[in-house]
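> Everything below, folded, please.
(2 chains)
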Amino acid sequence: MPGFCRDCLAHAPEPGGRCRACGSPRLIHHARIDRLAIAHIDCDAFYATIEKRDDPSLADRPVIVGGGRRGVVSTACYIARTYGVRSAMPMFQALKLCPEAVVIRPNMEKYVAVGRAVRSLMLELTPLVEPVSIDEAFMDLSGTERLHGMSPAKTLARFARRVERELGITVSIGLSENKFLAKIASDLDKPRGFAVLDAAEAQAFLAPKPVSFLWGVGKAAAARLRRDGFAVIGDLQRADEASLIRRYGAEGLRLARLSRGIDLRRVDPAREAKSVSAETTFEQDIATFRALERRLWTLSEKVSTRLKDKRLAGSTVTLKLKTADFRLRTRAKSLSRPSALAEDIFAAGRALLERETDGTRFRLLGIGVSNLVPLDEALKGDLIEPGASRVGAREQAVDRLRRRFGPRAIVRGLAFAADDEP
Amino acid sequence: MKVTVERMELLKSLGHVHRVVERRNTIPILANVLMRAASSRLSLKATDLDLEVIEPIPADVAAGGATTVPAHMFYEIVRKLPDGAQVTLESLADRTSLAIRAGRSRFTLQTLPESDFPDLAAGEMTHRFTIEGGDLRRMIEKTQFAISTEETRYYLNGIYLHTPPGADAPTLRAVATDGHRLAQYDIAAPDGAAGMPGVIVPRKTVGELQRLIENGETAVDVELSQSKVRFSIGDVVLTSKLIDGTFPDYARVIPLSNDKVLKVDKKDFEAAVDRVSTVSSERGRAVKLSLSGNRLLLSVTNPDSGSATEELEVEYEGDPLDIGFNSRYLLDIAAQIDGETAVLKFADPGSPTLIQDGAGGGALYVLMPMRV
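Numbering: from 1, shown residues only, chains lettered A, B, ... in the order given. As a prediction, the model looks like this:
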């Protein structure tokens, strides 16, 4: 069976044992390892790993990156995970499980810089890099054998080694024939992993998994599938494709294919953002409109900045609220025309928020903009307000001031308060 | 109060007034319709505090008086009574309910005291004129579709009724716009309209008014002040608050000097736009108009589903031009053109286009292009 050593890339004829060239135990074998070219790259405990890299005294201690007393865990290092700490877990719960953990406030700027560095190493290998998030991406290395003088698998192993050496963090790699399986594979051998999964193996691997394991099958869809007798993916595999289509339409076709490990989506470097959003979890639950409104403004500005950075504008504003008992409420409103202005996003969000503040205590507030179009189109103006409006001009002036003097140089009165003020 | 009325008469009037009543009300009395019986008439009145409609019907009044009952339920009851029935309405001795009797049916509805019913104090009306029902109906029809529903620019949520200065002859003009399209309709100003303040009549009022004048050709008396307007259609009186705001200076966006002129058969054009826009994914996808010589090519490209093109023979004077429009908006305007020919006047792909009826008439439309 073909295989090689992940540390020195030397050929390794037999599975098991150590590398004959360098003595490393990190050998990898798979019948089709030389043929597969679609990879999913996932940085291991990304934020926590960066913090450990920058402060070696943390190396053997449990580290949790996350916000404040009331925040949630953004990332837990692998030591903290052995205590049961997971990302998105409320901080108080995480600290109950692991009281000795070192909690670090996230330093997004630093993480973004490292994320970009990882991405630029990927782009040296292929232009077909599709970022999923700051610490995750798909790569399609098909047709790069001659360019790099080695198989995609070896190119990836060399890439992982280079990330470790140059950036001081580790990645896990999933190699397969499509995005769906590559993403599954990258999770199989974490951290510092390299897993290969082909469609034939995937069938058997997927069969016992619950249907909710499939990408795009949420709680409601899973419940419906279960009612119809599809509890595990194996049930879908046994079902005839045509009958699934008859029952679920286009979604049925997708389910039939995914359950069999087939995913026709391409690695698309230009995949556009569908929405831009920002959210915050409060230190303490908030019920009053004024207090929520102030935070909504700050979030609206954040979203606006992100939109402007990407030269985008959107025409649907979505408000997201999570109640103290973890119930999610989302409400959406359409704008008369696409906008990237904080004022417009805020105005729409505020109208939605007014209807939701009925004394309920909330723990999380978020706002997002979707239905995106290029910003230039939105700035075109209409019959009544030709060109950039006065609001637009005001915001541009504020943006210029911030670029010169920093983000806190000018703050709207509404948002001018300490973070812990109610 | 005790009166007997024809079911048909009652149903017709309730049909007019109950629509004013909002389905969801936080103030209970606003869910009710007021009935007042006196001198052989039963007068019905409903309001939402911005708009009120009063309509009297002939009645056999045994005992005068007034009361209020839930409007929608009352309407439903009357609607379900048999055709040709005589309906007797009687306030009961407990003074908190009304009995409704027709044939063998009997209902009692809880009432609220008429003294609680709000009155839309109209105040002093400063201007009065009479307008033909047909003229008023056309003014509404030709402009209503362009009224904005966007709350942030509330001053666009109605029809701007005014007498423009600088017109050749005294003119009464209706204008509506949502920023993407604008519709304007002119008639010769009726006597008494001169010097009236420009008023913005709210969308809901426009809709109710339209229903009241649906098929009648009767003249409508219009009275107005800075803050209110009243329309009297026969016995029916509709009084409404006006939108308190300044309508934008729309005249500067009407591109009267556009020099690229397209004349196209209205029916062919409408049908072709409708056909090619079938492949658009969502409502309001762009349709591209490509003009050169006497050929107009309409095309829609939807990256998710496919594309469509259609070619039309047209009259066109001007350099070749590619310009895109929201197909929905284009169809809305085409639907308003009564003549055989539609005239479109372009400047360039980024500037507003003027659309008129080739047969003339008082209407003109302005449409903002989309990038294609």
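> Quick check: neighbours of the strand or helix carrying B:Val237 in the sheet, parallel or antiparallel?
Under the criterion of DSSP states H and E, B:Val237 resides in strand B:236-241. Its sheet considered, strand B:236-241 pairs with strand B:51-58 (antiparallel), strand B:228-233 (antiparallel) by DSSP bridges.
> now those as TSV including mean pLDDT and mean neighbour count?
C-beta here means a position set from N, CA and C on the backbone, and glycine is covered the same way. Compiled in TSV, the strands paired with strand B:236-241 are given as follows (pLDDT from 0 to 100; neighbours: other C-beta atoms under 10 Å in any protein chain shown):
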stretch	mean pLDDT	mean neighbour count
strand B:51-58	94	21
strand B:228-233	94	20
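> Now distance to B:Val87 too, for these, in JSON lines please.
Output for these, formatted as JSON lines (distance: least, C-beta to C-beta, whole Å):
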{"stretch": "strand B:51-58", "distance to B:Val87": "11"}
{"stretch": "strand B:228-233", "distance to B:Val87": "24"}
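> Helices along the stretch 51-200 of chain A, start to end?
Here the stretch 51-200 of chain A has its helices, by DSSP state H, counting those that start in this stretch, at A:78-81, A:91-97, A:108-123, A:145-148, A:152-167, A:179-186, A:199-206.
> Tabulate those helices in TSV, adding columns for mean pLDDT.
TSV is the format used below for those (pLDDT from 0 to 100):
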stretch	mean pLDDT
helix A:78-81	93
helix A:91-97	89
helix A:108-123	91
helix A:145-148	92
helix A:152-167	94
helix A:179-186	94
helix A:199-206	90
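> just those: most buried one?
Sort the helices of the stretch 51-200 of chain A by mean neighbour count, taking mean count of other C-beta atoms under 10 Å in any protein chain shown, and helix A:179-186 sits at the top with a mean of 25.
> Report all helices and strands that it contacts.
Packing partners of helix A:179-186 (3 or more C-beta pairs under 8 Å, 6 or more residues apart in numbering or on different chains; DSSP states H and E): strand A:38-43, strand A:136-140, strand A:171-176, strand A:194-196, helix A:199-206.
> Ok, which of those comes nearest B:Glu214?
The closest approach between B:Glu214 and any of the helices and strands packed on helix A:179-186, judged by C-beta to C-beta, belongs to strand A:136-140 at 60.4 Å.
> Run me through the strand neighbours of that closest one, direction for each.
Strand A:136-140 is paired, per DSSP bridges, with strand A:38-43 (antiparallel), strand A:129-133 (antiparallel).
> State the mean pLDDT of it.
Here strand A:136-140 scores 94 as its mean pLDDT.
> okay, it in CSV with CA atoms only?
Presented in CSV, the C-alpha positions along strand A:136-140 are these (Å, rounded to 0.1, in the frame of the first residue of the first chain):
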residue,chain,number,x,y,z
GLU,A,136,-10.2,26.7,8.2
ALA,A,137,-10.1,26.4,4.4
PHE,A,138,-10.5,24.0,1.5
MET,A,139,-7.8,23.5,-1.1
ASP,A,140,-8.0,21.8,-4.4
